[in-house]
Structure formats: C-alpha cells, structure tokens
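Undergrad: pasted the sequence and its predicted model underneath.
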Amino acid sequence: MGQDGFIGEFEQMLLLAILRLNDDAYGVRLMEELDERVGRSVSRGSVYVTLDRMEEKGWIESTSVPAGSDRGGRPRRVVGVTPLGMEQLRRSRDALFRLWDGLDDALDPPGRPGRRRDPRASWCGCWKPSFRRRCGASRSSATFTRST
C-alpha cells in the first residue's frame, strides 16, 4: 500500500485470488491462479513476502493445515481475507471504477472486433447507478442487444 493509503496492484491481485480459491488459498495455488487468470507468472518469494506484509497489515489471516502425504509432513499455510482486507478491496475497486467511468469508448471504441458489453451494465449500458441518472437514457429509447 502506498503512502496515500491505496492498495497496490499485486496486493489487490493476491487478495482477489485468495477470495476465488476460498479454503484452497495457499502459496503455490495462488501462484497458479494468477498465472491462469491474468497471465502473470510470479515467484514464490514475492507471493510469500507479500502475504506476510498483508498479514501484518491485518488484511489476511493464515492458518496452518496439517500436511497430507504429498507434502512430506510439512503443514500448509492457508490464508483468508479479513474484513479489513475486504474493505481495502472495496475502496480500491470504487476508486478504479471512478477513474474508468466514461472511458470505455476511448480504450475500446464501438465497432472494434471482440468488444464485449460490460456484464455489470444496466439496461442503458451504464454500469454505475449515478452515471445512469446523468446519461439521460430511458427504457423506451434503449436498444437491447443480447450476446450469445
């Protein structure tokens, strides 16, 4: 987390991966999840250093789980996100949404092959309720398209 109190990108990715993996969130599985989902190959050391730092900040908690025969008797450190960690994720998500608001066409122009409609979008195509009120769209004037 920077001096301004915002969560870092790698911390955010790890917290999200932990949420996705639930009770299966441990070092190697987190590395695999980041590689599979976002194509980011990370070292074991960077994962464990970041997990330690996030635990010190109170964003995650870890539990030692007895080892199976596949680990040679060594316990596994399984992590979970705390309420404080969830609050950090929400704060980061909200800040990013505010920055992204209105930039979809600049980064992904209409008509570009492969453009997908945002799944969070409302009937008028706006994904933030406050923006929907400002955009002036009405149900009668909205064009509905269904993606398959």
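TA: Alright, I've got the coordinates.

Undergrad: and the residue nearest the centre of the chain, what element?
TA: The centroid of the chain falls nearest to Leu16 when counting by Cα atoms, centre = their mean (4.2 Å). Assigned by DSSP states H and E, Leu16 belongs to helix 9-21.

Undergrad: coming back round to it: just checking, the residue nearest to the centre of the chain touches Leu89?
TA: Yes: assessed by Cβ atoms under 8 Å, Leu16 is found in contact with Leu89 at 7.1 Å. Glycine gets a C-beta too; all of them are placed from N, C-alpha and C.

Undergrad: mean confidence for the helix or strand hosting Thr50?
TA: Assigned by DSSP H and E, Thr50 falls within helix 44-57. What helix 44-57 shows for mean pLDDT is 96.

Undergrad: what's the burial count for the spatially closest residue to Ile18 that is not a sequence neighbour?
TA: Nearest residue to Ile18 in three dimensions, chain neighbours excluded: Ala25, at 4.3 Å (Cβ to Cβ, 6 or more residues apart in numbering). Ala25: 23 surrounding residues under other Cβ atoms under 10 Å.

Undergrad: do the same with Leu51
TA: Counted with other Cβ under 10 Å, Leu51 comes out at 22.

Undergrad: wait, it sits on Leu14?
TA: Yes: between Leu51 and Leu14 there is a contact at 7.0 Å, judged by Cβ under 8 Å.

Undergrad: shared neighbours, these two?
TA: Leu30 (Cβ atoms under 8 Å, 6 or more residues apart in numbering).

Undergrad: ok, back up a step: buried stuff in the next helix or strand after the helix holding Leu16?
TA: Downstream of helix 9-21, the next assigned helix or strand under DSSP H and E is helix 27-38. For helix 27-38, burial by neighbour count (16 or more other Cβ atoms under 10 Å) applies to 27, 29-31, 33-34.

Undergrad: and which of those is nearest Asp104?
TA: Leu34 (25.4 Å; Cβ to Cβ).
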